[in-house]
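In: Any chance you can model this:
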Amino acid sequence: MLLITLLVFFIITAIGVMLGLQLWAQPKAAIDRVTAATVESIPPVVHPSLAWRELVKKLGTMVPSAPKDSTVMLRRLMRAGFRGPNALKMLYGMKVLLAVLLPAAALMATAKSEADPSNKILFLAAAVAVGFFGPNEYVRRRARRRQKRILQGLPNALDLMVVCVESGLGLDQAVVQVAKELQAAYADIGEEFSLMNLEMKAGKRRADALRNLADRTGVEEVKKLVAVLVQADRFGTSVAQSLRGHSEFMRVQTRQQAEEKAAKLGVKLVFPIFFCILPSLFVVTVGPVIVRIVRELIPMMVNM
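Out: Below is the predicted model:
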């Protein structure tokens, strides 16, 4: 009896091992990997976000665009911080996608509404306009916010550059140091200086790299700084003196702009005071008098 039990146990164990090797272990694949044989490649799993990007990029590829408009949009995308090779295609793809999805959502929202058909048509037209021109407005606003951040960090960058140049560093090393120091506090201007440094390392002339810096940012103060540095490099004047003079000019200009804003403040406060503060003052001061006149003077005049 014991012998039969052991025989059945070994038979079941052998069958289980064979099935396991055939179904789960796959020794042929393991041997092929060990012997460097060709193994059938497993198809890669595409992430949903990547599939979405590919769809938007394909839609953007199908949109026709004039070269002049493409150049303008590329410059605007660059100033907004979108510098990928497919940035323009993604923008056009989002415009097409939103121009289709927003009207579809508006149509579903107004399907059961009892509004006038002309109002529904206007609502659909507005949804199409918002979907098609909305990405342009988003890029424009983002570019403006980025330009403001660059303008805020420019005085500190200029002062740090003056310190670096006066301590004995060359202009290229000063740009590298400024980009490194401002990467945490003012990441946008640090990124621009890093790109300028990479362009000079790639072999581009310093004047061309500086002009590209002004063109990428689109900030008027950066253009003035670039003009000062290009002239100092061309005529051989002291870069430290030029930077210090431009720094003092920027301080004077900033103070004058602050004084101008303070002078305009009184004129700008006229309408809020007239429409918001004066009515409440009239209610507080004249209101009790009017109530007393209505309660006492008018009955006296009626009794007379």
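
In: list the contacts for Asp233?
Out: By CB atoms under 8 Å, 6 or more residues apart in numbering, the contact list for Asp233 reads Leu171, Arg206, Ala207, Val239. For every residue, glycine as well, the C-beta is placed using N, CA and C.

In: What does the last one show for phi and psi?
Out: In other words, Val239. The phi/psi pair for Val239 (degrees, to the nearest 10) reads phi -70, psi -40.

In: coming back round to it: is it possible to get the contacts of Asp233 out as JSON lines so that each row also shows neighbour count and pLDDT?
Out: Shown next, in JSON lines, are those (neighbours: other CB atoms under 10 Å; pLDDT from 0 to 100):
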{"residue": "Leu171", "neighbour count": "19", "pLDDT": "84"}
{"residue": "Arg206", "neighbour count": "16", "pLDDT": "87"}
{"residue": "Ala207", "neighbour count": "14", "pLDDT": "88"}
{"residue": "Val239", "neighbour count": "19", "pLDDT": "85"}
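
In: Can you flag which of the residues you listed belong to strands?
Out: Assigned to strands by DSSP state E, none of the contacts of Asp233 qualify.

In: what's the most distant pair in those?
Out: Ala207 and Val239 (13.2 Å; CB to CB).

In: Can you say which helix or strand has Pro272 in it?
Out: helix 270-272 (DSSP states H and E).

In: Kindly check the end-to-end length of stretch 202-209 for me.
Out: Start-to-end span of stretch 202-209 (CA to CA, to the nearest Å) is 10 Å.

In: Pull the distance from that stretch to the chain's centre.
Out: Averaging C-alpha positions (CA atoms, centre = their mean, to the nearest Å) puts stretch 202-209 27 Å from its chain's average.

In: same question, stretch 175-185
Out: 20 Å.

In: avg pLDDT for it?
Out: Stretch 175-185 carries an average pLDDT of 87.

In: One more: stretch 129-139?
Out: Per-residue scores along stretch 129-139 average to 90.

In: go on, stretch 279-298?
Out: The model assigns stretch 279-298 a mean pLDDT of 82.

In: Mind listing residues that contact that stretch?
Out: Residues contacting stretch 279-298 (CB under 8 Å, 6+ apart): none.

In: what do you get if the cut-off is 10 Å, keeping everything else the same?
Out: Stretch 279-298 is contacted from outside by Ile273, Met301, using CB atoms under 10 Å, 6 or more residues apart in numbering.

In: quick one: buried residues of it?
Out: By neighbour count on 16 or more other CB atoms under 10 Å, the buried set for stretch 279-298 is empty.

In: do the same with stretch 241-253
Out: Ser242, Leu243, Arg244, His246, Ser247, Met250.

In: ok, now stretch 109-127?
Out: Within stretch 109-127, the residues scored as buried using 16+ other CB under 10 Å are Thr110, Lys120, Phe123, Leu124, Ala127.

In: what sits against the last one?
Out: Contacts here follow CB under 10 Å, 6+ apart; on that basis Ala127 touches Leu98, Ala99, Leu101, Leu102, Pro103, Ala104, Ala105, Ala106, Leu107, Ala109, Thr110.

In: one step back: which of the buried residues of stretch 241-253 lies closest to Ala143?
Out: Among the buried residues of stretch 241-253, and counting by CB to CB, the member closest to Ala143 is Met250, at 22.1 Å.

In: Dump the contacts of Asp233 into CSV; add distance to Ala232 as well.
Out: Shown next, in CSV, are the contacts of Asp233 (distance: CB to CB, whole Å):
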residue, distance to Ala232
Leu171, 9
Arg206, 11
Ala207, 11
Val239, 5
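
In: Now intersect the residues you listed with the helices, please.
Out: Leu171, Arg206, Ala207, Val239 (DSSP state H).

In: hang on, isn't Val228 packed against Gly245?
Out: Yes. With contact defined as CB atoms under 10 Å, Val228 counts as touching Gly245 (7.9 Å).

In: ranges for the helices of this structure?
Out: 2-20, 27-34, 48-62, 67-80, 87-109, 117-166, 171-181, 187-201, 206-217, 220-235, 239-268, 270-272, 278-292, 298-303.
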